[in-house]
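In: Structure of the sequence below:
(2 chains)
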There are 2 protein chains.
Amino acid sequence: MSDLHGLIDAFAAFGDSGDGGVRRLTGTTEDAAARALLAAEFRRRGFALAVDGIGNMFGRAGLAPEAAEVVLTGSHLDSQPTGGRYDGTYGVIAATLAADALRARAAANPDAVRRDVVVVNWTNEEGARFQPSLTGSSVFTGALPLDTARDLRDGAGVALGAALDAIGWTGDAAPAFDIARYVELHVEQGDRLERAGAAIGVVTACWAARKLSIVFQGAPSHTGPTPMPRRRDALRAAARAIEALHGLVADDPDTHVSAARISVEPNSPNVVPARVQVWFEVRHRDVARTAAIGDAFLAAAVAGAEPLGVAVEVAIDERRAAQIFDRDGTALVAAAARRLGLPAIDTETVAGHDAVALMRKMPSTLIFVPSRGGLSHCPEEYTAPADLDAGVAVLTEVLWDLVTAG
Amino acid sequence: MSDLHGLIDAFAAFGDSGDGGVRRLTGTTEDAAARALLAAEFRRRGFALAVDGIGNMFGRAGLAPEAAEVVLTGSHLDSQPTGGRYDGTYGVIAATLAADALRARAAANPDAVRRDVVVVNWTNEEGARFQPSLTGSSVFTGALPLDTARDLRDGAGVALGAALDAIGWTGDAAPAFDIARYVELHVEQGDRLERAGAAIGVVTACWAARKLSIVFQGAPSHTGPTPMPRRRDALRAAARAIEALHGLVADDPDTHVSAARISVEPNSPNVVPARVQVWFEVRHRDVARTAAIGDAFLAAAVAGAEPLGVAVEVAIDERRAAQIFDRDGTALVAAAARRLGLPAIDTETVAGHDAVALMRKMPSTLIFVPSRGGLSHCPEEYTAPADLDAGVAVLTEVLWDLVTAG
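Out: Numbering: from 1, shown residues only, chains lettered A, B, ... in the order given. Model (predicted):
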């Protein structure tokens, strides 16, 4: 495990935000540098690199070079604009080191190994530069057509495909192996492990979410002389809705809500805002709760906007049901933690992950290590070195069980 | 007055927004086209055109070609992004037509005329593309250095000077005349004339204003798993402040407030907003009121933000005192309306105008005609044809009094 902390430092240099964090958006020179380092780490270990049409990187470790079936493991190297050092990158490094350790173990037990290990870096998991998120893994499962994904545009109109071409990371190698299971190790990004004093989170489910993008349609007018009763202020209506959403869940810390992106037109200091769009999220383990809070919120948004002469339109109403990780995988993780003497708890993921996207096509398993204070997507994101080591140890055990299983 | 309505239609074609409004930002091809039409209108009437270093256009009418002293009259051809057809453009056209009419009157009374008339189009009055507003008139009075003005940048980093160069409207003719008075005719943009049934507004004062740009400093984190109590949501704090400002003046339609421009970082749907800046305005005729409301608002913003772990910083606190238009000018306007049998009232301007900027250096006079519903900076901006005609008639009388006064 000696390489782990050095590699986390090395990757954090690409897009170093100067405050402990990382800004490494998909298809940028920072992304290209991180990909080049991962390719070099594959090369020095003898892993065979393949890249597909959306830039997903696959490194086949070669424990069982002839095996048709493999176990896939990894995460993503892209970050949020205000990202931390661990989100995604830790899972890619850990997968590389675990696969490397298994090669040594396989060499000592050549007859035990029935499957190979492939390490993966998924393109644009974060959805920070190109929406939707989970792009590479969704193309891989077929949920998102390759052409559609390559034509996703960033805020400046640049296509994802063109951005990948520009940094030299468009490939054509659709990987030719059967996948027994996907396993992803990730920092928790919440504080349940920390509060429980656990080293390992066995992720049993992904929370439901309702993502609502709302347009508040008012009318432009002069901010100075226009009589106050004549104004139809779309930003004021949006402000009421933002506070109303939080008010609806104020007594319930288990429903997570946010309003994080806003677009205002004409956004001139002298013109009453005419059109405002806000992206809201409601998350809870139970889809009935996200549906009910979403409905109550929409009613509150309308009630706040109507007296202002502002219309409310729903531009996006995306509902994600809760999803359950398969029990064979969670049992393997729990057993590995037990064997290693690491305290583990069953937990859930609130955020989406590539492991959630992969569920659509294959058994998928997600393992958490603690995040200090539950913080992520920020420079303060932190996991203690011993916890990082424990995660790699569990991942290694789980992968060994999978490559040797009958 | 037969040309008035045709010219309003002609200018409205440059930047026609398709919904009755106009989008004609400074230094664009639409601005260039409107300037070219004005130059042609000057030329066909024999007015001598001069352009200064910030693109202000001056057309000397030639009633008294040898006179050292002139009366300056006009307004601006630029608009807001969601502008109407009358704001500014009406004053430029009216000044051109009034000056033309005075040439005929002067030819019939050659001994009466002691001063010439110069028509002006001020650059970037609106401050929509380049801030601050009132740019051309402020350079003209010396309040804003020419170099500073030419280096103002738009949102894409383009300098005002470069934009004027690109459309061919940078000149070097600092006008060589003494100015007896500036007179501007403008649509009211409020509803006092309409409510009073008046045709003419004699503008006696400009309201005080306090413009506060506030930074809400929170911290980024993941919108999904981050525990709700751990979030420091800058957009939520801003939303509370926006509603608080309106709440402070809810029972007082004579204090105008707004929050019209907002900037959010990182503005990603998956990251709790870390830093939000909002541009607020408070306007009232009395500077003590704008000061008091501003102070109460700042206290409310802090009170709303503190429980959210969000800091409040004042980035801009610009205070404009109320200003009084000189009484010789208001008396001339009132007398002209009386002679023409037009109902007039004394009123105030809430918005800034070039006539307010000019006060710094010379006697300045502002005349209003009604705006339907008090609406402006929007496609619905409208003044009835008879009211437009009445305004030109009053302007013509006032200018005649000024060029013939002893």
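
In: What separation do you get for the nearest residue to A:Gln80 once chain neighbours are set aside and A:Gly84?
Out: Across the structure, with Cβ to Cβ, 6 or more residues apart in numbering or on different chains as the measure, the residue nearest A:Gln80 apart from its sequence neighbours is A:His377 (4.6 Å). For the C-beta atoms, the positions are set from N, CA and C on the backbone; glycine is no exception. Noted for A:His377: a distance of 7 Å to A:Gly84, by Cβ to Cβ, to the nearest Å.

In: how about the helices in the stretch 101-250 of chain A?
Out: A:135-141, A:146-150, A:160-166, A:192-196, A:234-248 (DSSP state H, counting those that start in this stretch).

In: The following helix or strand past the last one: how far from the chain's middle?
Out: So the one you mean is helix A:234-248. Beyond helix A:234-248 on the C-terminal side, the first helix or strand identified by DSSP states H and E is strand A:256-265. Its chain's average C-alpha position is 19 Å from that of strand A:256-265, according to Cα atoms, centre = their mean, to the nearest Å.

In: what's the angle from strand A:256-265 to strand B:256-265?
Out: On the basis of axes from the mean of the first three to the mean of the last three Cα atoms, to 10 degrees, strand A:256-265 is oriented at 110 degrees to strand B:256-265.

In: surely the residue nearest to A:Gln80 meets A:Thr82?
Out: Yes - counting by Cβ atoms under 8 Å, a contact exists between A:His377 and A:Thr82, whose distance comes to 6.2 Å.

In: of the two, who's got more company?
Out: Each of A:His377 and A:Thr82 had its neighbours counted (other Cβ atoms under 10 Å in any protein chain shown), and the higher figure belongs to A:His377 (32 against 26).

In: Check what pLDDT the more buried one gets.
Out: For A:His377, the pLDDT comes out at 92.

In: State the distance from it to B:Thr204.
Out: Noted for A:His377: a distance of 55 Å to B:Thr204, by Cβ to Cβ.

In: picking that back up, the helices of the stretch 101-250 of chain A: which one's closest to chain B?
Out: Evaluated over these, closeness to chain B peaks at helix A:234-248, with 3.9 Å, by Cβ to the nearest Cβ.

In: For the closest one, the averaged confidence score.
Out: For helix A:234-248, the per-residue pLDDT averages 98.

In: roughly how far out does it sit from the chain middle?
Out: The chain centroid and the centroid of helix A:234-248 are separated by 27 Å, computed with Cα atoms, centre = their mean.

In: What of stretch A:326-338?
Out: Stretch A:326-338 sits 22 Å away from the centroid of its parent chain (Cα atoms, centre = their mean).

In: which residues touch that stretch?
Out: By Cβ atoms under 8 Å, 6 or more residues apart in numbering or on different chains, the list of residues contacting stretch A:326-338 from outside reads A:181, A:183, A:199-200, A:202-204, A:343-344, A:346, A:359, A:363-365, A:367, A:394, A:397-398, A:401-402.

In: so what are the domain limits for chain A?
Out: Segmentation of chain A into domains, based on automatic domain parsing, reads A:2-207+A:323-404, A:209-320.

In: Please determine how far the most centrally placed residue in chain A is located from chain B.
Out: For chain A, A:His353 is the residue whose C-alpha lies nearest the centre (Cα atoms, centre = their mean; 4.2 Å). When distance is defined by Cβ to the nearest Cβ, to the nearest Å, A:His353 is 10 Å away from chain B.

In: Tell me, what's the model's pLDDT at that residue?
Out: The confidence metric pLDDT takes the value 96 at A:His353.

In: Equivalent analysis for A:Pro269, please.
Out: Turning to A:Pro269, the model gives it a pLDDT of 89.

In: Could you do A:Met1 as well?
Out: So, for A:Met1, pLDDT stands at 41.

In: what about A:Val398, is that helix, strand or coil?
Out: Of the three states, A:Val398 takes helix under DSSP: H, G, I helix; E, B strand; the rest coil.

In: Looks like A:Gly352 contacts B:Pro225 (just checking).
Out: No - the pair formed by A:Gly352 and B:Pro225 falls short of the contact definition of Cβ under 8 Å, at 10.3 Å.

In: what about the two, which has more around it?
Out: For A:Gly352 and B:Pro225, the more surrounded residue by other Cβ under 10 Å is B:Pro225, and the numbers stand at 25 against 22.

In: what's the distance between that one and chain A?
Out: The spacing between B:Pro225 and chain A, counted by Cβ to the nearest Cβ, is 4 Å.

In: can you pull the contacts of that residue?
Out: With contact set as Cβ under 8 Å, 6+ apart, B:Pro225 has these partners: A:Glu188, A:Gln189, A:Gly190, A:His256, A:Thr349, A:Val350, A:Ala351, A:Gly374, A:Ser376.

In: Name the residues of the stretch 251-400 of chain A found near chain B, please.
Out: Residues of the stretch 251-400 of chain A that fall close to chain B, judged by Cβ under 8 Å from any Cβ of the partner chain: A:253, A:256-262, A:264, A:266-274, A:279, A:281, A:283, A:349-352, A:373-378, A:380.

In: give the contact list for the residue nearest to A:Gln80.
Out: For A:His377, the set of contacting residues under the criterion of Cβ under 8 Å, 6+ apart consists of A:80, A:82-84, A:87, A:189, B:220-223, B:226, B:270-272.

In: redo that, cut-off 6 Å
Out: If you count contacts by Cβ atoms under 6 Å, 6 or more residues apart in numbering or on different chains, A:His377 has them with A:Gln80, B:Pro220, B:Ser221, B:His222, B:Val271.

In: okay, and for chain A, where does confidence drop off?
Out: Where chain A drops to pLDDT under 70, the residues are A:1-2.

In: Swap in 80 and give it another go.
Out: Judged against pLDDT under 80, the low-scoring parts of chain A cover residues A:1-2, A:173-175.

In: quick one: the strands in it?
Out: When assigned using DSSP state E, the strands of chain A occupy the ranges A:48-51, A:57-60, A:69-75, A:116-121, A:178-187, A:200-206, A:208-217, A:256-265, A:275-284, A:311-320, A:323-324, A:344-349, A:364-369.
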